[in-house]
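fold the following, please.
(chains A and B)
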Amino acid sequence: MAKAQKVALSAEEKAVIKRKRKAQIFKDRWVYLLLLPGFLYFIIFKIVPMWGILIAFKDYFPTTQFWGAGLTKNWIGFDNFIQFFTDSSFLQLLRNTLIISLMNIIFFFPLPIILALLLNEMKVQWYKKAVQTLVYVPHFVSMVVIASITFMLVKEPSSSAQSGGALYEIVKTLTGKEMHALGGGWAIYWVLLIQNIWKETGWGTIIFLAALAGVDVEQYEAAIVDGANRWQQLIYITIPAIMGTVVTMFVLRMGSVLDTGFEQIILMQNTLNRTNSETFDTYVYQYGRVEGNYGYTTAVSLFKSIVSLICIQTANRLAKAVGQAGLF
Amino acid sequence: MISIKRRSIGDIIGDIIIYLVVTLLAVIMVIPFIYVIAASFAKEAEIQTRPIFFIPENPTLDAYKQVFSPSGMGPTVLRSLLISICVTLVGTLINLFFTLTMAYGLSRPNLIGKKPLLNMVLFTMVFGGGMIPLFLVVKALGMYDTYAALILPGCISAYNMLIIRNFFIELPNELEEAAAIDGCTEIGIFLKIALPLSMPIIATFGLFYAVGHWNDYFGALMYLNDSKKYPFQLVLRNLVMQTQDNSTSLDELPPEDTLKMAVIVIGTVPILCVYPFLQKYFAAGVMVGAVKG
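Numbers count the residues shown, from 1 in each chain, chains lettered A, B, ... in the order given. Here you go, the predicted model:
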């Protein structure tokens, strides 16, 4: 009896809730209209391509139909993946991608933090502003221009050019060796790293400077009263204050460990350094977009996306485990 | 009173080292650009004999004359510049329209369906279909080899949208409530109250989007086939690559370096023109809410 009453009541409640929901939806009808363009954008250009991942399980070429009749044809299961994992280029791509990414994490990641700490120590405000203006510039210059300038700086002497580029000559004077920056071997990794340092170190400081600006000045005053020197202030106040931001940025960076980007590497790639500079991203572009192996390269990028997802989840868990807020 | 010795010898030495290191870094980062500008005004022979210089021995406008010469590469360069300007202007307006409307919509409290929509956006930030499926979608929509393909596939940056959303959430509610009582619809509140109050942030992200469009070459590489439609950065890339690529035919002489430098300068000047405006809004506040979404 009591049970029946409860059900009846909840049905009534349900009706109320339903009416309230309807009223709320009606009240927000213009908001939904505002949301429509963005919603359609995410569906068409973000969600539909996820459905397109299905072609990773197909023998799919530019001429294959995808919609309609093509949907039921040419399924090949995991063949694309098996082909990729057993291909010798798989290990090569993994190696190149990891080298480029890890070099960035080890050598580039700390630099914006260090520069931000240095800028934070500068008390002459106009000078600090001037420096910031200069170091932000490369971030806004296009990758094509950065690459073009690099070609100029590392140019080797030839029949038409008696003198090499500035960097080439500097290295030659200092070490007596001829630098083949765009040749084979590890040279390309250093070129990519240095370009990245040049372009993004300055801009990368912004997020850390914001964190530093939030530190309470009274903490420093108290520390000075207690006789803490500059170094101790750095270790016990400044660094703990930005640790949260550092961990968050690190989690983001680890999550994109397989994302080496196309723009930079495709510009710097040539026949001499391709075996060392080909990464998952450039391989998908070259072998898929240019040469038309759509199904196969979609399998490659699906593999990359899934590993990335695992990476970011793991990094986030680790961040939480060491007592930081994490991302989500 | 406790007397505090504020500056010891160590502090002063530390300061000197900090200022020196930071100054050196800033100079190193800018030197290449100064060299490029100098080289664009130099004679080709000077570039090939001096590794680096900041004032050309015999300044000349030859390279710029050649870039714009009607019989040579002039038409190509001017056309690509015009295309880049149009794509940048139209693209930025579309970016702002899509980003602002969605950010405002998602900032409304008590909106039913907000949570799943936000989750969808967050999910697309960590997982995607990849390059080829997106390419096929763009192609299926008939946008291949059109300028729409340079603009629409990236018309909302989820990251920017979430930052702007945070900004809208923090706007004072009172004005909006007053407007609602006066019979203003949500669209009216959006246009008459939320947008005017957020002009600085709109300007900031407008400029970010604009710089992105101006600097983009990869979109054109992906989606454009007809070389007459190429934007400026892709023309520059092809010009520079002519000497890097082994596929150059022998009858085609590689372009002179001074010419390349002039094209680089032309492509970078617009960025330097908006740079002071961009910088006005660097005020760290803009980016802070971002990281934690």
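
quickly note the distance from residue B:78 to chain A.
18 Å (CB to the nearest CB, to the nearest Å). For glycine as for every other residue, the C-beta is placed from the backbone atoms N, C-alpha and C.

Provide a list of residues in contact with that residue.
By CB atoms under 8 Å, 6 or more residues apart in numbering or on different chains, residue B:78 lies in contact with residue B:68.

pLDDT score for it?
Looking at residue B:78, its pLDDT reads 91.

so which helix or strand takes in it?
Using DSSP states H and E, residue B:78 maps to helix B:74-107.

in the next helix or strand after that helix, what counts as buried?
Next in sequence after helix B:74-107, counting helices and strands by DSSP H and E, comes helix B:114-126. For helix B:114-126, a neighbour-count test (16 or more other CB atoms under 10 Å in any protein chain shown) marks B:114, B:117, B:121, B:123-124, B:126 as buried.

one more: stretch B:216-228?
B:216-224.

could you list the low-pLDDT ranges of chain A?
Filtered on pLDDT under 70, chain A yields the residue ranges A:1-9, A:61-73, A:323-328.

quick one, phi psi at residue A:58?
Residue A:58 adopts backbone torsions of phi -130, psi 160, taken as degrees, to the nearest 10.

closest to residue B:279 out of the buried residues of helix B:114-126?
Proximity of those to residue B:279 was ranked by CB to CB; the top entry is residue B:121 with 29.2 Å.

circling back: okay, the angle between the helix holding residue B:78 and helix B:114-126?
Taking axes from the mean of the first three to the mean of the last three CA atoms, to 10 degrees, helix B:74-107 and helix B:114-126 form an angle of 140 degrees between their directions.

overlap between the buried residues of stretch B:216-228 and the residues near chain A?
B:216-218, B:221-222 (CB under 8 Å from any CB of the partner chain).

and these as CSV, adding pLDDT?
What follows is those, written out as CSV (pLDDT from 0 to 100):
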residue, pLDDT
B:216, 92
B:217, 91
B:218, 90
B:221, 91
B:222, 91
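
out of these, which is nearest to residue A:27?
Among these, and counting by CB to CB, the member closest to residue A:27 is residue B:216, at 40.5 Å.

I figured the closest one hits residue B:233, correct?
Yes. Counting by CB atoms under 8 Å, residue B:216 touches residue B:233, with 6.4 Å between them.

so the chain: which segments form each domain?
No chain specified, so I'll use chain A. The record's domain split for chain A, according to automatic domain parsing, is A:2-53, A:89-143+A:181-321.

oops, I was thinking of chain B
Taken from automatic domain parsing, chain B resolves into B:9-60, B:66-291.

so for residue A:148, which of the ones you listed sits nearest?
domain B:66-291 (4.5 Å).

one step back: looking at the domains of chain B, which is buried most?
Comparing these by mean neighbour count (mean count of other CB atoms under 10 Å in any protein chain shown), domain B:66-291 ranks first with a mean of 18.

next one: it to chain centre, how far?
Domain B:66-291 sits 7 Å away from the centroid of its parent chain (CA atoms, centre = their mean, to the nearest Å).

what touches both of residue B:216 and residue B:233?
With CB under 8 Å, 6+ apart as the test, residue B:216 and residue B:233 both reach residue A:142.

in a markdown table, list the buried residues of stretch B:216-228 along with secondary structure and distance to residue A:205.
Shown next, in a markdown table, are the buried residues of stretch B:216-228 (DSSP: H, G, I helix; E, B strand; the rest coil; distance: CB to CB, whole Å):
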| residue | secondary structure | distance to residue A:205 |
| --- | --- | --- |
| B:216 | coil | 25 |
| B:217 | coil | 27 |
| B:218 | helix | 26 |
| B:219 | helix | 28 |
| B:220 | helix | 31 |
| B:221 | helix | 31 |
| B:222 | helix | 32 |
| B:223 | helix | 34 |
| B:224 | coil | 36 |
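
now the domains of chain B as a markdown table including distance to residue A:74?
Output for the domains of chain B, formatted as a markdown table (distance: least, CB to CB, whole Å):
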| stretch | distance to residue A:74 |
| --- | --- |
| domain B:9-60 | 50 |
| domain B:66-291 | 15 |
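
so residue A:75 makes contact with residue A:58?
Yes. Counting by CB under 8 Å, residue A:58 is a contact partner of residue A:75 at 5.9 Å.

which one's more surrounded, the two?
residue A:58 (23 against 12; other CB atoms under 10 Å in any protein chain shown).

so how far is residue A:80 from the more buried one?
Computed as CB to CB, to the nearest Å, the residue A:58 to residue A:80 distance reads 8 Å.

between those two, which contacts overlap?
In contact with both residue A:58 and residue A:80: residue A:295, using CB under 8 Å, 6+ apart.

low-confidence bits of the stretch 151-293 of chain B, can you list those?
B:243-255, B:280-293.

which stretches in it count as helices?
Ranges of helices in the stretch 151-293 of chain B, per DSSP state H, counting those that start in this stretch, are B:158-169, B:173-181, B:186-189, B:195-197, B:199-215, B:218-223, B:232-244, B:257-280, B:285-291.

helices or strands up against the first one?
Secondary-structure packing of helix B:158-169 (3 or more CB pairs under 8 Å, 6 or more residues apart in numbering or on different chains; DSSP states H and E): helix B:74-107, helix B:114-126, helix B:199-215, helix B:285-291.

quick check: angle from it to helix B:114-126?
Going by the same axes, to 10 degrees, helix B:158-169 makes 150 degrees with helix B:114-126.
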